[in-house]
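J.: just a sequence and a predicted model for now, questions to come.
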Amino acid sequence: MVNVKPGSVAIVGAGPGDPELITLKAVRRIEEADVILYDRLVNDQLLGYAKPGTLRIYCGKSPGLHSMPQGRIEELMIQYAKEGNKVVRLKGGDPFVFGRGGEEALALAEQGIAYEVIPGITSAIGAAASAGIPLTHRGLAASFAIVTGSRCNDHDSPVRWDRLVSGVDTIVVYMGISQFSEIREQLMRHGKHGTTPVAVIENGTTSRQRTVTGTLNNIEKLVSVMNISNPALIIIGEVVKVREQLLNLEFEARSQIG
C-alpha cells in the first residue's frame, strides 16, 4: 500500500480586481499550487502565475446562480488535499470578508488538513480608494462598517440598520444594488437624511470601473440611468464628498498646466 503524503490548502485573497493588488505571498502560493479552485471575481491574469499542469477548477457564484454549491467546493478542497496536493482556494477580495473563508477553514480543520489563510484587499477598501473616497477622514468620519445587502431579506438575521445609522459614520454595502430601495428606506427610517451623500462603484479597481455619486434621494435614479450592475459597492456617508474635492483640485491643476 502506498502512503499518500498529506497535502495542504491555502485560502487566498485575490484582492478587489486589479491583478497588481494581490500580495506577494498569494502569488507564491499560486505558483506552487497543484490545484486551484477559483471564484468568479478573481482576475483571470492571476491564473497565469500557475505552473504548467496545474488543475484549475471554476467555482464562480453570481446572484441567484452558483456554478458549484459551497458544500461541493469544500469536498473538493478536502479530496485534493488528502491526495497530497497543494491546493489554493482563490477568492475575490479577502477570504474572511463575506467570502465564506471561515466555513472553508472549519471544514479543513475538522478533517485535520493543514491550511493557511492569506488575506487580500477587500473591495470596501480597494474600490473606495480607487474612487478617491476615504472610508475615514478627519472631521467627517472616524468609523466605518461593512454589511452585505443580501441579508436585507433575511428575517432570521436582519441587518441592524438602526445601530448602523446611530453608531457608524460610513456604511459600506456589498451586493446591495438589487436591494437598494429597501436599504434606502431603512436608512432614512432610522435617521439618515435624504441629502446624505452616496457613491456606487461598479467593477472597482479595474479598467471597467465606473463611479456614480449622489444622495439617498437621487442615487437610485442615477444608478438606473447609468445602468450600473453587480459587482458594485455602495458607500454611504459624508466621506463621499472628498471624491468631489479631489476631482475639483485635479481639474484645477490640469487647467493651470494647460
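T.: Arrived safely.
J.: Ile11: neighbour count?
T.: 26 (other C-beta atoms under 10 Å). C-beta: built from backbone N, CA, C; applies to glycine.
J.: where does it fall, helix, sheet strand or coil?
T.: Look at Ile11: counting by DSSP: H, G, I helix; E, B strand; the rest coil, its state is strand.
J.: where along the stretch 51-200 of the chain do the strands fall?
T.: 55-58, 61-62, 65-66, 86-91, 114-118, 144-148, 170-174, 197-202 (DSSP state E, counting those that start in this stretch).
J.: export those to JSON lines and tack on mean pLDDT?
T.: Below are the strands of the stretch 51-200 of the chain laid out as JSON lines (pLDDT from 0 to 100):
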{"stretch": "strand 55-58", "mean pLDDT": "97"}
{"stretch": "strand 61-62", "mean pLDDT": "68"}
{"stretch": "strand 65-66", "mean pLDDT": "58"}
{"stretch": "strand 86-91", "mean pLDDT": "98"}
{"stretch": "strand 114-118", "mean pLDDT": "98"}
{"stretch": "strand 144-148", "mean pLDDT": "96"}
{"stretch": "strand 170-174", "mean pLDDT": "97"}
{"stretch": "strand 197-202", "mean pLDDT": "98"}
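J.: nearest to Pro6 among the ones you listed would be which one?
T.: strand 114-118 (6.8 Å; C-beta to C-beta).
J.: packing partners of the closest one?
T.: Using 3 or more C-beta pairs under 8 Å, 6 or more residues apart in numbering; DSSP states H and E as the contact test, the elements touching strand 114-118 are strand 8-13, helix 24-32, helix 101-110.
J.: pull out the buried positions in the last one.
T.: By 16 or more other C-beta atoms under 10 Å, the buried positions in helix 101-110 come out as 101, 104-105, 107-108.
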